[in-house]
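J.: mind folding the following:
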Amino acid sequence: MLLSQIAETANPPLLPALNNLRDARECVVENDELFNLLGECLQKGSFLEIRSLEMLQPVRPHLSSAGLAKGERILDNDPSIEGGRGLTHFKEILTTYEYITKHNNPNMYTCLLPIVQSSGMGKSQLIDEFSKKHFVVPFNLRAGHQGDFFSLLSLLVKLWRSDPGYPAPDTAVLQWLTRRGLKSHESDDRFSAFLTALFEKILKVIDDPQFIQQQISDSPDIEHTEKELGRRLTKQGPLRINFYADSKQLYRGTHPQTMPSKKSPQGRFNTEVLDTVLRQVLPKINPSFLPNKEHAPILCLVFDEGHTLSQAIYETDPSTQWTAFTSLRHALRNIRPFPIWSFFLSTTGRSDQFAPPAYQDPSNRILRGELVDVKPFSALGFDHMARKFDKSLTLKDVTELGFRLSLGRPLWSTRYRVGGDSVRKTVVRFAIEKLLCRSWQPGMKLGIDEQFAVMSRRLALDFNATTLSGADRREADANEMVQVEKYMRVCLGVKAGFESVVTVAASEPMLTEAAATVMQYSNFKSCQALRQILEWPGMSKGDRGEVITCNITIDTLDRLMFQTKQLESESLIVPVTSYFDALFAQGIYNERLKDRVPSMLNTMSHNKSFAETFRDSRIYVTHFIKIYDSNVLSIEFLLRLAARGAGALCADNDFGIDVALPMLYKDPNSGKEFVSVIMKQSKNDFRYSDKPIDFLFDKMSPFDLRIFDKSFDPPPVIRMVYALASSKSGVTTVKDPYTSFDIWCAQASSETFGAIRSEDNETYNELLKLSKDVPKMFQPEEISTKEIVQSMYPGATSDPGHWNSFLKLSMDGRIESSDKGLRESESSIRESSMAAGGGSKKRKLASK
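T.: Purely as a prediction, here's the structure:
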């Protein structure tokens with residue numbers, strides 16, 4: 001009421017909708033910042049701040065972008081993004097349609113497709129786009145909150161800045177579908193009758209097109225029409241509400257809750273009325289419809305947040321239980337002969353609630369193998385809004401906020417693009433609260449599942465429960481599913497047999513920054529969090545200590561990037577010399593590495609000290625992704641990983657290295673920049689001491705690993721061995737056969753690494769004992785969804801599917817790009833090596 005009165009007297013006017021008491025109330029409920037400011041202004045006796053809020057100003061067309069910040073221009077005006085917005089889900093829509101038509105066979109129990117994925121990945125948007133080409137009846141069953149206005153307002157204040165969710169829930173429908181106090185057979189009849197009433201209502205609307213036109217003509221303006229016919233943030237528009245209300249009235253009036261007198265062959269329901277209605281509805285939608293003939297889907301029912309129907313209901317004792325979903329599934333079984341599909345959208349990783357393993361299915365026909373469920377679908381894609389990587393982008397460009405927002409799920413860039421100043425200023429905090437699934441205050445204590453959500457964003461932590469059984473297996477699977485449901489972990493797919501899911505912490509700069517910010521407060525110690533996580537059953541720990549090496553690396557880089565608790569774009573780029581100075585315990589860099597020169601050279605121009613060689617070289621690494629293909633170690637792919645701020649964690653030891661950090665090397669003589677690499681090998685074995693072993697460095701030959709092509713001499717590289725389990729500490733530089741600085745780091749302790757505190761030495765000893773495991777491999781799922789699933793894990797292998805969302809690869813894995821800068825770099829290396837006296841002989845040494 002207060003906001004509505006302010007709007008009525010404002011000059012210049014505020015949003016016209018605020019003059020309506022109902023809309024003004026919704027605006028306050030949706031924004032607790034506005035609620036708090038109203039209270040402050042009421043105490044001051046002045047509402048000037050309210051009238052000046054950008055979020056309350058009417059939209060003014062044809063605004064110039066000249067005054068926008070750089071990050072905003074990238075999102076709002078970048079043609080590579082703008083041109084792709086209309087096609088955001090085009091490929092996914094086609095794939096979804098192909099998926100359901102492929103599984104459309106007589107052996108299906110019902111035409112029911114679970115779509116399981118974490119928040120913000122575009123499940124609802126996919127259906128919205130799907131509905132533009134197909135007849136869709138949507139239900140949003142997300143649990144809402146009931147009560148009067150002030151109760152709701154109080155609740156929203158407690159859930160400060162929490163995301164209200166999209167789209168708005170159909171609250172009345174959810175309450176009706178989840179009614180308590182019914183027997184299972186009563187609920188079955190109730191759902192079957194409701195479907196009949198629903199299709200009768202659809203038929204009535206189709207037969208009376210003037211009904212919709214009348215709704216539009218009665219609206220005073222387009223803005224009001226969109227609100228009436230479309231969605232609001234907190235509830236659906238009246239037309240949709242009335243549609244379902246009419247369906248319930250039809251149910252109560254024409255389909256009373258009584259036991260049918262006749263049973264169908266498929267179950268207990270009398271389906272004669274339902275069949276009759278469907279034979280009338282389907283030809284209206286698609287005139288080619290013929291009964292008893294196989295058809296592509298004609299009508300789709302969509303149950304968003306469908307997991308709210310899966311809560312167990314006990315009839316008399318815990319041994320007899322059923323769910324609302326069980327009854328709905330029975331009802332949908334009755335319309336199996338018709339081309340009607342049901343989509344169940346869910347953020348929970350528990351795919352078994354919609355499609356349980358056959359041995360757990362309540363249907364005897366599925367248990368006997370006579371019928372099957374449809375395998376859950378997760379291929380929603382990634383990087384839909386990504387600005388394509390091209391030759392014009394610099395390291396500074398890819399660290400700008402706008403570029404980072406464009407990578408990952410579309411949630412970040414769309415919210416930033418349409419939000420006001422308050423939204424843009426709190427984008428990192430919003431990402432933190434999405435990551436933790438609750439409100440967050442600096443320094444607050446995190447639970448073990450929240451610590452995993454944070455650490456997995458930095459270290460590419462994986463689950464591997466395949467060797468477990470019994471209670472440990474159930475706990476591991478439950479932990480993984482919770483990470484998808486609550487903590488933004490990406491689901492790549494459901495394994496054969498529907499017993500478990502494949503999930504990853506995909507490369508997503510905004511969630512990485514959120515996790516990094518949480519880690520900067522004194523009560524969060526990464527090594528202690530990692531120790532607790534590795535004690536979880538079913539964790540993929542690595543057996544060489546590579547996760548520990550990554551943790552030391554991230555802690556070191558964080559010390560340089562977070563000079564304050566805030567992260568600026570400029571601080572993401574770290575000088576190589578600063579990194580090595582901070583990496584080791586105090587004094588080691590100056591005493592043992594700074595003035596070290598290579599013992600053998602490819603070119604005399606490289607005969608400089610470590611500090612001088614890498615004086616202007618930089619790295620941009622905020623997190624690691626696990627790679628499963630050695631081709632990704634080539635400089636072409638490493639450069640693209642650097643655009644995401646990602647380092648590479650190798651999936652197994654066949655590559656010869658465990659960790660690779662992309663490095664932008666700037667030649668101190670020519671001033672030209674080249675892509676190079678810092679290679680790290682981890683050893684969690686006491687037999688590797690503080691004495692360097694030369695052959696371990698030989699395994700890290702940049703030619704044998706195909707990081708560089710043998711046709712030219714590479715820029716200097718840095719190779720390191722982490723002998724983490726050594727009983728003695730030490731840092732030693734090693735002679736090398738070509739321009740490489742080789743460093744042997746002994747013992748994971750504060751005496752070797754600057755990022756390790758003395759009080760954490762024992763924690764690292766325990767981590768070394770826990771770090772014994774074989775990491776699981778990434779396995780693509782369905783052929784039709786392979787490329788989309790791969791896009792949800794950027795950079796994992798050299799297959800085009802892992803890269804095409806933000807750059808274009810040819811079929812042979814080569815980068816399709818007029819990347820003149822990269823080719824010029826290669827050409828410059830060749831020219832410099834020839835000018836230095838022909839490096840062919842020295843190159844033979846390098847590849848030895």
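
J.: please identify the buried residues of stretch 618-631?
T.: Applying a neighbour-count criterion of 16 or more other Cβ atoms under 10 Å, one finds 618-630 buried in stretch 618-631. To be clear about C-beta, it is placed using only N, CA and C from the backbone, and glycine gets the same treatment.

J.: residue 570: what's it in contact with?
T.: Contacts for residue 570 (Cβ atoms under 8 Å, 6 or more residues apart in numbering) come out as residue 399.

J.: check what pLDDT it gets.
T.: Residue 570 is assigned a predicted lDDT (pLDDT) of 80.

J.: ok, it to residue 308 distance?
T.: As judged by Cβ to Cβ, to the nearest Å, residue 570 and residue 308 stand 45 Å apart.

J.: what's the answer for residue 103, then?
T.: Residue 103 is 25 Å from residue 308, where distance means Cβ to Cβ.

J.: same check, this time on residue 414
T.: 25 Å.

J.: now do the helices in the stretch 601-750 of the chain.
T.: With DSSP state H, counting those that start in this stretch, the ranges of helices along the stretch 601-750 of the chain come out as 610-613, 635-643, 694-698.

J.: kindly compare burial across the ones you listed and name the winner.
T.: Comparing those by mean neighbour count (mean count of other Cβ atoms under 10 Å), helix 635-643 comes out on top with a mean of 23.

J.: which helices and strands does it pack with?
T.: helix 395-398, strand 646-650, strand 659-666, strand 673-683, helix 820-835 (3 or more Cβ pairs under 8 Å, 6 or more residues apart in numbering; DSSP states H and E).

J.: I'd like the next helix or strand past the first one.
T.: Pointing back at helix 395-398 there. For helix 395-398, the following helix or strand on the C-terminal side (DSSP states H and E) is helix 401-406.

J.: now do the strands in the stretch 501-650 of the chain.
T.: All strands of the stretch 501-650 of the chain, identified by DSSP state E, counting those that start in this stretch, fall at 501-504, 539-540, 574-575, 618-619, 623-627, 646-650.

J.: would a markdown table of the helices of the stretch 601-750 of the chain with distance to residue 383 be doable?
T.: Shown next, in a markdown table, are those (distance: least, Cβ to Cβ, whole Å):
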| stretch | distance to residue 383 |
| --- | --- |
| helix 610-613 | 35 |
| helix 635-643 | 11 |
| helix 694-698 | 36 |
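
J.: closest to residue 731 out of these?
T.: Residue 731 lies closest to helix 610-613 among the helices of the stretch 601-750 of the chain, at 12.3 Å (Cβ to Cβ).

J.: to residue 475, which of the strands of the stretch 501-650 of the chain lies closest?
T.: strand 539-540 (11.2 Å).

J.: just the CA atoms of the longest helix along the chain, as PDB, please.
T.: Counting by DSSP state H, the longest helix found in the chain is helix 184-207. Presented in PDB, the C-alpha positions along helix 184-207 are these (Å, rounded to 0.1, in the frame of the first residue of the first chain):
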ATOM      1  CA  SER A 184      -3.900 -45.500  -2.700                       C
ATOM      2  CA  HIS A 185      -6.800 -46.800  -4.800                       C
ATOM      3  CA  GLU A 186      -8.800 -43.600  -4.100                       C
ATOM      4  CA  SER A 187      -5.800 -41.500  -5.300                       C
ATOM      5  CA  ASP A 188      -5.500 -43.600  -8.400                       C
ATOM      6  CA  ASP A 189      -9.100 -42.900  -9.300                       C
ATOM      7  CA  ARG A 190      -8.800 -39.300  -8.500                       C
ATOM      8  CA  PHE A 191      -5.800 -38.800 -10.900                       C
ATOM      9  CA  SER A 192      -7.500 -40.700 -13.700                       C
ATOM     10  CA  ALA A 193     -10.600 -38.600 -13.300                       C
ATOM     11  CA  PHE A 194      -8.600 -35.400 -13.200                       C
ATOM     12  CA  LEU A 195      -6.900 -36.200 -16.500                       C
ATOM     13  CA  THR A 196     -10.300 -36.700 -18.000                       C
ATOM     14  CA  ALA A 197     -11.500 -33.300 -16.800                       C
ATOM     15  CA  LEU A 198      -8.200 -31.700 -17.900                       C
ATOM     16  CA  PHE A 199      -8.600 -32.900 -21.500                       C
ATOM     17  CA  GLU A 200     -12.300 -31.900 -21.500                       C
ATOM     18  CA  LYS A 201     -11.100 -28.400 -20.600                       C
ATOM     19  CA  ILE A 202      -8.500 -28.400 -23.300                       C
ATOM     20  CA  LEU A 203     -11.200 -29.400 -25.800                       C
ATOM     21  CA  LYS A 204     -13.400 -26.600 -24.600                       C
ATOM     22  CA  VAL A 205     -10.600 -24.000 -25.000                       C
ATOM     23  CA  ILE A 206      -9.700 -25.300 -28.500                       C
ATOM     24  CA  ASP A 207     -13.300 -25.300 -29.600                       C
END
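
J.: in that helix, what's buried?
T.: 184, 187-203.

J.: now swap in stretch 36-46 and tell me
T.: Within stretch 36-46, the residues scored as buried using 16+ other Cβ under 10 Å are 38, 41.

J.: likewise for stretch 559-568?
T.: Neighbour-count burial for stretch 559-568, counted by 16+ other Cβ under 10 Å, picks out 559, 560, 561, 562, 567.

J.: want to try JSON lines for those residues, with distance to residue 49 and pLDDT as columns?
T.: Shown next, in JSON lines, are the buried residues of stretch 559-568 (distance: Cβ to Cβ, whole Å; pLDDT from 0 to 100):
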{"residue": "559", "distance to residue 49": "39", "pLDDT": "92"}
{"residue": "560", "distance to residue 49": "39", "pLDDT": "93"}
{"residue": "561", "distance to residue 49": "35", "pLDDT": "92"}
{"residue": "562", "distance to residue 49": "32", "pLDDT": "88"}
{"residue": "567", "distance to residue 49": "29", "pLDDT": "71"}
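
J.: pick out whichever of those sits closest to residue 115.
T.: Nearest to residue 115 among these: residue 567, at 34.2 Å, using Cβ to Cβ.

J.: would you confirm that the closest one contacts residue 513?
T.: Yes: Residue 567 lies in contact with residue 513 (Cβ atoms under 8 Å); the separation is 6.0 Å.

J.: overlap in contacts of these two?
T.: With Cβ under 8 Å, 6+ apart, residue 567 and residue 513 have common neighbours residue 428.

J.: so who does residue 631 touch?
T.: Going by Cβ under 8 Å, 6+ apart, residue 631 touches 637, 706, 797, 798, 813.

J.: list the contacts of the second one.
T.: This means residue 706. Residue 706 makes contacts with 630, 631, 633, 634, as judged by Cβ under 8 Å, 6+ apart.

J.: kindly reformat those as JSON lines containing distance to residue 642 and pLDDT.
T.: Supplementary listing: the contacts of residue 706 in JSON lines, determined by distance: Cβ to Cβ, whole Å; pLDDT from 0 to 100:
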{"residue": "630", "distance to residue 642": "18", "pLDDT": "85"}
{"residue": "631", "distance to residue 642": "16", "pLDDT": "87"}
{"residue": "633", "distance to residue 642": "13", "pLDDT": "90"}
{"residue": "634", "distance to residue 642": "13", "pLDDT": "90"}
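
J.: buried set for stretch 649-664?
T.: Neighbour-count burial for stretch 649-664, counted by 16+ other Cβ under 10 Å, picks out 649-652, 655-664.
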